[in-house]
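Asks: predicted model and sequence follow; I will ask about them next.
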Amino acid sequence: MSTQLHSSKPLSKKYLNRIFSLFYTLAVSLLLLRHGHSLIHSPTPISVALYLADFVFAFFWLTSQCFHWNPIERKVFPQNIKQVVEESEYPAIDVVICTADPIKEPPVGVVNTALSVLAYEYPTEKLSVYISDDGGSETTLYAFMECAMFAKHWIPYCKKHGVVDRAPEVYFANDPTSYPETDEIKLMYKNMKSRIESGDPFLDRVTTPEFRDAFSQWTPDFTRRHHPTVIQILLDNNDDKDVEGGVMPNLIYVSREKDSHKPHNFKAGALNVMLRVSGLMTNGPVVLVLDCDMYSNDPETPLRALCYFVDPDADPKLGFVQFPQRFSGINKNDIYASEFKPETQILSLGMDGLLGAQFMGTGGFFKRCVISDDLTCSVATIQINSKLIRSNDVLVSAHKVASCNYEDHTKWGSEIGFRYGTLTEDTYTSFRLHCEGWKSVLCNPKRAAFLGGSPSNLNDALTQAKRWYMGYLEIFFNKYCPLIYGVRSMKPLQALCYTHYTLRSFWSIPIIIYGFLPQITLINSIPIFTKVSEDGFLLYAFLFLGAYGKDFLDFVVFGGGSSRRWWKNHQRMWLMWGLSSYPFALLEWSLKSFGLSTFGFNVTSKVVDEEGNRLYEQGVVEFGVESVLFYPISVASVINLWSFVKGVMEVMKGRLDEFFVQIFICGFVVVNSWPIYEGMVLRKDRGKMPLKVSLASIGIVMAICLLSSLVFAS
Ligand SMILES: O=c1ccn([C@@H]2O[C@H](COP(=O)(O)OP(=O)(O)O[C@H]3O[C@H](CO)[C@@H](O)[C@H](O)[C@H]3O)[C@@H](O)[C@H]2O)c(=O)[nH]1
Ligand SMILES: [Mn+2]
């Protein structure tokens, strides 16, 4: 019988990648040399700008090759686990689910996520689920009281019938096979859902005195930014049994103390509190971190992670196992490129072949010792904490470690746990762990391990990206800079992967230059690129087609993505991020660095109303709000249309040869801008581009034309 638990092999495209890299690097060098030459001979502001743009593109292209150097693919064999360890020897798992806002993250959704992991195919006495509620919401606590009761029916039902979709919302929506109890459970779920969503006072529905007492902590001066710690044990595996008499997993609600005058370090702060509280209560040697919307899509997932943790020959430096973020409910063409396919499923394979994939904020199984102050690091040797989680001692200590002063003068957040100082605590924490010598693996099963939601309108999508790229700048311009500190502390190629990500907002420089300079000059009848009939043209053509062609191959041919998704969205969203999220990230980060503003963590909304959902399902881009993030996009789309028209006029004058590259660029942007023109002119629904943004953009373009004609005339 086989006892192999996992395997890995290099992707076959690896050598193709390397050969292509070589040729492309030569072409890029040639272009930069040519540019350098013309800079020395006839420096003009235009040639300087083009050099800068191509230099930045070249930098990102080169650093991105690190992801393509050694991509690997892994497999796990959970069916062999029992040959290696007995079930009674499995490590206990503590799951932490973060939620932060009962309006943007409806408690019913969080409950679904919790139920999907409570019902894992894993010994229930070794499973504990902790809810971290940064929203400090009674409704969320109430929802979990309901959840605890429903779970007593749900868990045995799922296990008895081998249910795969263990988030009830998903299960019932998929029209499940009917068993004798199905209708009853469905009704139970429906009633629970409507009780949670009703918004009626719920106290009269809470019967146990202990649970009623819990709500007395919401005194009149309790606000989400200022309140004492609330800890409520909702299920305790020492006492609670399911309807068939089986042991229940632990379920614990925690809302850490908040003081409006103290920074709370957003999600990283919440996770560190949860590490300490769970450490006191159950101290599972494996900790799974989940966002509130990332429900389990496969009940065997913990066994897959275990394939790495219980392997007797495992690398002792293995720190965490990451399952890529995958999403449910993405529309056919993925109009906001919310799948993040390159980052989650293509580039991550490349990091996996170096030191390991980065932590993606959710879906990461950590060895507890790696993110806590425990120095003996072995999954097997840590004992399950057998103390009664309800005992007074434990509860008193838990309140202490959840208080907002507990971390003062400690290394939490700087050397221990999830690291502070950035809005993207996930990337930063894994970067620091990789610097410290820890490794990680990417476990990417065919059936997604977790599925979550993604932004459902353009403003949310751009805002989310802006937050990430601000967070990335905070990581780069820091004493642990990936390029300086990182390259010295870990495999340089891995450090360059982090460099690539954390500097991405600078992609805005070439994108803005190419989005405006060829256009403004074309409008003023000034050719700025080589003619089609000159040799240099072939170089440009190769660089453009090479970059896009390679991206297409990675996304569609090797990555299995659809070509419509690639063309209509992946590459279009890149332009949108480049014009909007990236430059705004740079701007806001600069303002913060000069002490002129501060950042907040703008939680992404997980609610979509009917109209929003309809637009999304039809694949129509939803603008709707007057967001500043739309201005650069709409200005660019207008100026490109105008210059394209001017270009056609030049062609009629017989000047195609010298203007071809400029006209091509405008045409490319115009094609990509189609949804924006539609939103400005053709649409009448609520998601159309606000009139104010459209008019202002036209005004701005007129001003640019006027100004530029004055400049070029002088
Ligand atoms: O002060 C906070 C802010 C957020 N969260 C939670 O953090 C999670 C992620 O927030 P969300 O608004 O969904 O952000 P996304 O941009 O979708 O999150 C991505 O990016 C984050 C880093 O910016 C990672 O932490 C996430 O795992 C990753 O999914 C959610 O469960 C929130 O409840 C908190 O617990 N406390
Ligand atoms: Mn999210």
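Replies: Now that the structure is in, tell me what you want to look at. What you see is a predicted model, and the numbers here were worked out from it, not measured in a lab. Ligands and ions are numbered 1, 2, ... in the order given.

Asks: does residue 255 really touch residue 134, like I thought?
Replies: Yes - at 7.3 Å, residue 255 counts as touching residue 134 under the criterion of CB atoms under 8 Å. For the C-beta atoms, the positions are set from N, CA and C on the backbone; glycine is no exception.

Asks: pull the CA atoms of stretch 519-529 into CSV?
Replies: The C-alpha coordinates for stretch 519-529 follow below in CSV (Å, rounded to 0.1, in the frame of the first residue of the first chain):
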residue,chain,number,x,y,z
GLN,A,519,-2.7,60.8,-28.4
ILE,A,520,-1.8,64.4,-27.5
THR,A,521,1.0,64.4,-30.1
LEU,A,522,-1.3,62.8,-32.7
ILE,A,523,-3.9,65.5,-32.1
ASN,A,524,-1.2,68.0,-32.8
SER,A,525,0.1,66.1,-35.9
ILE,A,526,3.4,65.2,-34.4
PRO,A,527,4.8,61.7,-35.1
ILE,A,528,6.8,60.3,-32.2
PHE,A,529,7.5,56.6,-33.1
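
Asks: more neighbours: which of residue 255 and residue 134?
Replies: Neighbours per residue (other CB atoms under 10 Å) separate residue 255 from residue 134, with residue 255 holding more: 28 against 25.

Asks: need phi/psi at that one.
Replies: phi -120, psi 110 (degrees, to the nearest 10).

Asks: residues from the stretch 351-500 of the chain in reach of ligand 1?
Replies: 361-362, 423-424, 426, 464, 467-468, 471 (CB under 6 Å from any ligand atom).

Asks: sorry, that was for the stretch 1-150 of the chain
Replies: Contacts of the stretch 1-150 of the chain with ligand 1, taken as CB under 6 Å from any ligand atom, map to 98-100, 105, 132, 134.

Asks: find the closest residue to ligand 1 in the protein.
Replies: The chain approaches ligand 1 most closely through residue 361 (1.9 Å), counting by CB to the nearest ligand atom.

Asks: before we move on, what SS does residue 140 have?
Replies: helix (DSSP: H, G, I helix; E, B strand; the rest coil).

Asks: what's around it, how many residues?
Replies: Neighbours of residue 140 (other CB under 10 Å): 25.

Asks: surely it and residue 108 touch.
Replies: No - Residue 140 sits out of contact with residue 108 when judged by CB under 8 Å, with a separation of 10.1 Å.

Asks: so where's this protein shaky on pLDDT?
Replies: 375-387 (pLDDT under 70).

Asks: relative to residue 442, how far out is the residue minimising distance to the centre of it?
Replies: The residue lying closest to the centre of the chain (CA atoms, centre = their mean) is residue 360, at 6.1 Å. Look at residue 360 and residue 442: by CB to CB, to the nearest Å, they are 9 Å apart.

Asks: anything in contact with each of the two?
Replies: Residues touching both residue 360 and residue 442 (CB atoms under 8 Å, 6 or more residues apart in numbering) are 322, 324, 348.

Asks: which residues are in contact with stretch 589-608?
Replies: Among residues not part of stretch 589-608, those counted as contacts by CB under 8 Å, 6+ apart are 100-101, 103-106, 109, 266-267, 292-293, 423, 453, 455-456, 460, 463-464, 467, 470, 473-474, 477, 505, 588, 616.

Asks: in ChimeraX, how would I select the buried members of those?
Replies: Under the burial definition 16 or more other CB atoms under 10 Å, those of those that qualify are selected in ChimeraX by:
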select :100,101,104,105,106,109,266,267,292,293,423,453,455,456,460,463,464,467,470,473,474,505,588,616
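
Asks: and stretch 548-563, how far apart are its ends?
Replies: Terminal residues of stretch 548-563 are spaced 12 Å apart (CA to CA, to the nearest Å).

Asks: quick check: longest helix in this protein by residues?
Replies: In the chain, with assignment by DSSP state H, the single longest helix is helix 14-41.

Asks: which helices and strands does that one pack with?
Replies: helix 45-69, helix 536-552 (3 or more CB pairs under 8 Å, 6 or more residues apart in numbering; DSSP states H and E).

Asks: which one of those lies closest to residue 436?
Replies: helix 45-69 (20.0 Å; CB to CB).

Asks: quick one: list the elements packing against that closest one.
Replies: Taking 3+ CB pairs under 8 Å, 6+ apart as the contact cut, helix 45-69 packs with helix 14-41, helix 347-352, helix 492-503, helix 508-523.

Asks: what are the pairing partners of the helix or strand just after it, and which direction each?
Replies: Moving toward the C-terminus from helix 45-69, the next helix or strand (DSSP states H and E) is strand 72-76. Sheet pairing for strand 72-76, assigned by DSSP bridges, gives strand 6-10 (antiparallel).

Asks: export the partner strand to PDB, keeping only CA atoms.
Replies: Only the C-alpha atoms of strand 6-10 are listed here, as PDB (Å, rounded to 0.1, in the frame of the first residue of the first chain):
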ATOM      1  CA  HIS A   6       2.200  14.400  -1.800                       C
ATOM      2  CA  SER A   7       4.300  14.900  -5.000                       C
ATOM      3  CA  SER A   8       5.500  17.800  -7.100                       C
ATOM      4  CA  LYS A   9       6.800  18.200 -10.600                       C
ATOM      5  CA  PRO A  10       8.000  21.100 -12.700                       C
END
